[in-house]
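Q: here is the input, now give the coordinates:
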Amino acid sequence: SVEEMFEHHHVDTSNFGKGRAKTFSEFVGEVRTGQARLMLDASRHKTLVRVVELALLRIVHGDGQAAKYLIKSRETFLDGRCRDGYQLVGTKKMPFENGVQTSERLVRERIPMLHGHLRFSRQVRERFEDDEDSPSYPGVRTVYRKVIYEAYLDSSDSDLLERVGLAEGSAGGFEQQDDRGNALQYCWLTEQECVSKQVRLKAPIEGSEVDALVPPTAGYDEERLQDFLLSCGVEVENFGSGGVKSLVEFSEELMQGRSALIRQADGSLARIVDVAILQMEEPSGRTLVEVRQTYDNGLVTELRRLPATKRHNDENPFWAAHRVLRHVTHIDEVMVKIDPDNVRYVEERGASKAYGGLPTIYRRHIISCKCSGDL
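A: Numbers count the residues shown, from 1 in each chain. Take a look at the predicted model:
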């Protein structure tokens with residue numbers, strides 16, 4: 001659980017819920033809904049990191065030296081607070097969205113005046129990361145994974161150009177109310193003007209990625225695992241022989257979050273394996289299937305299954321689905337639309353021979369998605 005991970009990695013939550021800081025329950029809610037993820041910085045001992053995925057949108061009108069970019073200059077909240085600063089408009093990426101979907105939602109919610117008038121690029125994506133402490137969760141290091149997407153305002157509609165401040169002699173900007181009632185002020189700036197106002201218009205050329213982020217460890221080391229199994233009445237003598245996993249292998253699986261142990265209602269122990277499975281269809285109606293796997297030594301294993309991966313502890317199933325796209329199918333996420341309303345949950349129970357007959361519960365999240373082109 002999130003609470004166990006905080007305790008294991010010595011995260012101080014004493015300032016949560018004070019002042020403008022959010023509560024621990026809100027933090028847990030963010031993780032479970034996929035608005036944030038927990039990861040571990042392998043380069044710093046026991047440093048737990050909150051990871052937030054952000055989409056920034058660079059809206060361009062014109063080209064060459066005449067190109068102008070839409071920049072947010074002020075935001076006035078319903079409670080009267082103001083936030084000044086020139087920056088690209090952005091929002092959190094939801095786990096079931098691809099980047100273009102997030103950008104389209106951003107326009108609908110934050111710049112509705114431009115909704116339906118932009119042409120979104122599927123090719124332009126610039127990635128970088130910012131590492132900082134979040135005032136919402138004091139004491140928790142936050143890494144913002146940012147991706148800049150691009151869209152073009154090609155319209156020649158004089159009325160639209162007048163309303164958004166692009167017509168000759170107009171104010172060069174406009175004010176817009178977003179879906180939450182906040183007042184946003186936008187202006188159009190040239191690249192040189194963006195530089196002078198220190199707008200981060202493009203990702204840093206040198207990059208700024210925190211490459212050492214890995215899923216957080218959980219579970220038990222070998223000694224603690226053996227003691228725990230014995231305390232639950234599980235015989236440990238057979239582990240490591242006769243085709244049964246060793247306690248070292250079992251511990252490694254638990255520490256990596258690829259399975260978990262729970263006590264059932266009757267007090268007995270069960271192993272939990274949570275799997276995210278993609279049921280992906282292309283426009284012709286065909287479904288993507290893993291047919292076989294060929295190893296480096298030439299060995300071929302027949303699979304005949306849907307692409308899948310084990311879900312980490314407390315990982316939102318849709319983020320696991322993105323890992324399937326990235327690491328299993330190697331399909332660009334902007335080619336795929338996940339249907340968040342079409343997820344089937346299947347649970348199966350059985351005794352696992354590989355784990356000494358330990359009762360195992362397989363929880364399968366079958367996530368439907370559509371590919372925008374033939375695979």
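Q: just the pLDDT for the residue lying closest to residue 65 once chain neighbours are set aside.
A: Excluding the flanking residues, the one nearest residue 65 by CB to CB, 6 or more residues apart in numbering is residue 190, at 7.7 Å. Any C-beta I mention is one placed from the backbone N, CA and C, and that applies to glycine too. Residue 190 carries a pLDDT value of 95.
Q: go on, residue 207?
A: So, for residue 207, pLDDT stands at 56.
Q: now residue 321
A: You'll see residue 321 listed with a pLDDT of 96.
Q: residues contacting it?
A: Applying CB atoms under 8 Å, 6 or more residues apart in numbering to residue 321 gives the contacts 95, 96, 276, 278, 338, 367, 369.
Q: which of the residues you listed fall within strands?
A: Residues of the contacts of residue 321 located in strands (DSSP state E): 276, 278, 338, 367, 369.
Q: show me the contact partners of whichever helix or strand residue 194 is part of.
A: Under the criterion of DSSP states H and E, residue 194 resides in helix 191-196. The contact list for helix 191-196 (CB under 8 Å, 6+ apart) reads 67, 69, 71, 86, 201.
Q: can I get the ones in strands among the contacts of residue 321 in JSON lines including distance to residue 150, pLDDT and neighbour count?
A: Listed next are the ones in strands among the contacts of residue 321 as JSON lines, based on distance: CB to CB, whole Å; pLDDT from 0 to 100; neighbours: other CB atoms under 10 Å:
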{"residue": "276", "distance to residue 150": "30", "pLDDT": "96", "neighbour count": "26"}
{"residue": "278", "distance to residue 150": "27", "pLDDT": "96", "neighbour count": "25"}
{"residue": "338", "distance to residue 150": "22", "pLDDT": "97", "neighbour count": "25"}
{"residue": "367", "distance to residue 150": "28", "pLDDT": "97", "neighbour count": "23"}
{"residue": "369", "distance to residue 150": "24", "pLDDT": "96", "neighbour count": "23"}
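Q: export the residues you listed to JSON lines and append columns for distance to residue 292.
A: Compiled in JSON lines, those are given as follows (distance: CB to CB, whole Å):
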{"residue": "276", "distance to residue 292": "21"}
{"residue": "278", "distance to residue 292": "18"}
{"residue": "338", "distance to residue 292": "26"}
{"residue": "367", "distance to residue 292": "23"}
{"residue": "369", "distance to residue 292": "22"}
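Q: that older thread, and the residue nearest to residue 65, its phi and psi?
A: phi -70, psi 170 (degrees, to the nearest 10).
Q: what element comes up after the lowest-mean-pLDDT helix or strand in the chain heading to the C-terminus?
A: Using mean pLDDT, DSSP states H and E, strand 213-214 stands out as the lowest-scoring helix or strand of the chain, at a mean of 74. Downstream of strand 213-214, the next assigned helix or strand under DSSP H and E is helix 222-231.
Q: all helices of the stretch 151-300 of the chain, in order?
A: Ranges of helices in the stretch 151-300 of the chain, per DSSP state H, counting those that start in this stretch, are 158-163, 191-196, 222-231, 247-255.
Q: now the last one, how far from the chain's geometric center?
A: Between the mean C-alpha location of helix 247-255 and the chain-wide mean there is a distance of 26 Å, by CA atoms, centre = their mean, to the nearest Å.
Q: which strands and helices sit next to it?
A: Contacts defined by 3 or more CB pairs under 8 Å, 6 or more residues apart in numbering; DSSP states H and E place helix 247-255 against helix 222-231.
Q: starting at the chain centroid, how far to the helix or strand encompassing residue 60?
A: In this structure, residue 60 sits in strand 47-61 according to DSSP H and E. In terms of CA atoms, centre = their mean, the centre of strand 47-61 is found 10 Å from the chain centre.
Q: for the next helix or strand after that strand, buried residues please.
A: The element immediately downstream of strand 47-61 (helix or strand, assigned by DSSP H and E) is strand 68-76. Buried residues in strand 68-76, counted by 16 or more other CB atoms under 10 Å: 68, 69, 70, 71, 72, 73, 75, 76.
Q: then stretch 293-304?
A: Within stretch 293-304, no residue counts as buried by 16+ other CB under 10 Å.
Q: cool, and stretch 339-354?
A: 343, 352.
Q: how far away is residue 227 from residue 245?
A: According to CB to CB, to the nearest Å, residue 227 and residue 245 sit 18 Å apart.
Q: the two - which one has more neighbours?
A: Neighbour comparison, residue 227 and residue 245: the larger count goes to residue 245, with 18 against 12 (by other CB atoms under 10 Å).
Q: first-to-last residue distance for stretch 64-81?
A: 37 Å (CA to CA, to the nearest Å).
Q: would you tell me which helix is longest in this protein?
A: Scanning the chain for the longest helix, with DSSP state H as the assignment, gives helix 99-110.
Q: okay, now residue 161: neighbour count?
A: Neighbourhood size, residue 161 [other CB under 10 Å]: 17.
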